[in-house]
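**Q** Below are the sequence and a predicted model; questions follow.
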Amino acid sequence: MRIVIFIYGMVSYALGTASLLYLIGFLGNIVVPKSIDSPPEGAAAPAVLIDLILIALFAFQHSLMARPAFKERWTCIVPKPAERSTYVLATALMLALLFWQWRPIPGVVWNVEHPVGKGLLQGLFWLGWLILFASTFMINHFDLFGLRQVYLRLKGTPYRPVPFVQVALYRFVRHPIMLGLLMGFWATPSMSLGHLLFAAATTAYVFLGILLEEHDTRQALGEDYEHYRRKTSMIVPLPRGKS
């Protein structure tokens with residue numbers, strides 16, 4: 001059973017990583033066979049509705065499976081070491097559904113053609129994804145994606161949660177992963193109506209997700225996290241008063 005759980009975790013990790021890499025190509029209109037600005041497939045109004053439903057389905061899955069109450073019930077069905085891997089796998093599948101069924105919406109909101117402006121926006125796009133990936137390693141990348149849990153189970157070592165730390169970017173912002181995502185969503189030289197819809201809807205979900213996550217974290221860590229929250233910015237690294 002241990003080896004089965006480990007292989008399951010490895011497959012989930014690979015699919016989760018692949019879906020994240022596809023998201024970069026999807027938003028950047030690079031390499032992938034279907035992107036956010038592929039040729040439109042129908043009328044705009046149905047496309048808006050379908051796209052919003054896809055984003056809502058992803059948001060529902062991503063938030064529901066992250067809640068402690070759901071995890072407690074879910075691990076009565078799924079082995080506890082595989083819970084995080086299952087979350088990663090479900091997220092990858094929901095993203096795959098979004099990529100597959102996304103309806104591009106034509107129309108240009110902005111189009112930056114000046115080489116300096118275009119280069120700046122492209123640089124911010126790639127910087128955002130760099131911040132995202134780097135931030136996962138500043139805490140524990142392999143725990144975040146479920147590999148540490150299945151590896152410890154394979155070894156027969158009891159799982160211990162990763163301790164709460166304030167390192168690197170986490171000393172300045174509480175959610176650098178979300179900062180990277182937002183940069184990846186919005187930094188583009190050519191913003192179509194479909195891309196704008198995606199960026200606006202997912203940005204709203206990012207901030208909702210942060211509120212839910214911080215509520216759970218305060219419940220788990222108490223005053224330690226509350227002190228950290230008071231002295232550190234949520235997304236943008238701005239100076240905060242000491243407390």
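**A** Now that the structure is in, tell me what you want to look at.

**Q** Contacts for stretch 13-31 next, please.
**A** 32, 34-37, 85, 88-89, 91-93, 95-96, 99, 102, 125, 129, 145-147, 184-185, 188, 195, 198 (CB atoms under 8 Å, 6 or more residues apart in numbering). Using the backbone N, CA and C atoms, a C-beta is placed for each residue, glycine as well.

**Q** let's see it at 6 Å
**A** By CB atoms under 6 Å, 6 or more residues apart in numbering, the surrounding residues in contact with stretch 13-31 are V32, S35, I36, D37, V88, A92, L95, F99, W129, F145, L147.

**Q** Ignoring the adjacent residues along the chain, who's closest to the first one?
**A** Residue nearest to V32 in three dimensions, not counting chain neighbours: G25, with 3.7 Å by CB to CB, 6 or more residues apart in numbering.

**Q** Same check on the second one?
**A** Spatially, and ignoring its direct neighbours in sequence, S35 is nearest to N29 (4.4 Å; CB to CB, 6+ apart).

**Q** Tell me, how many residues neighbour the one you found?
**A** 15 (other CB atoms under 10 Å).

**Q** Next up, phi/psi of it, please.
**A** Main-chain torsions, N29, degrees, to the nearest 10: phi 50, psi 50.

**Q** Can you give me the distance of the residue lying closest to L64 once chain neighbours are set aside to A90?
**A** Sequence neighbours aside, F70 is the residue nearest to L64 in space, at 5.6 Å (criterion: CB to CB, 6+ apart). For F70, the distance to A90 (CB to CB, to the nearest Å) stands at 11 Å.

**Q** which of these two has more neighbours?
**A** More neighbours sit around A90 than around the other of F70 and A90, counting by other CB under 10 Å; the figures are 17 against 14.

**Q** Just confirm F142 contacts Y151, I think it does.
**A** No - using CB atoms under 6 Å as the test, F142 is too far from Y151 to be in contact (7.5 Å).

**Q** burial of G42, as a residue count?
**A** Residue neighbour count, defined by other CB under 10 Å, stands at 11 for G42.

**Q** Likewise for the one 5 residues further on?
**A** Under the neighbour criterion other CB under 10 Å, A47 is assigned a count of 20.

**Q** Do you know the pLDDT at the residue lying closest to it once chain neighbours are set aside?
**A** Using CB to CB, 6+ apart and skipping the chain neighbours, the partner closest in space to A47 is R103 (3.5 Å). Residue-level confidence at R103 comes out at 96, pLDDT.

**Q** sorry, back to before: make TSV from the contacts of stretch 13-31 and add neighbour count, pLDDT and distance to M234 to it.
**A** TSV is the format used below for the contacts of stretch 13-31 (neighbours: other CB atoms under 10 Å; pLDDT from 0 to 100; distance: CB to CB, whole Å):
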residue	neighbour count	pLDDT	distance to M234
V32	17	96	31
S35	19	97	30
I36	23	97	26
D37	21	96	30
V88	25	98	24
A92	21	98	27
L95	22	98	24
F99	19	98	29
W129	20	98	20
F145	22	97	23
L147	21	97	28
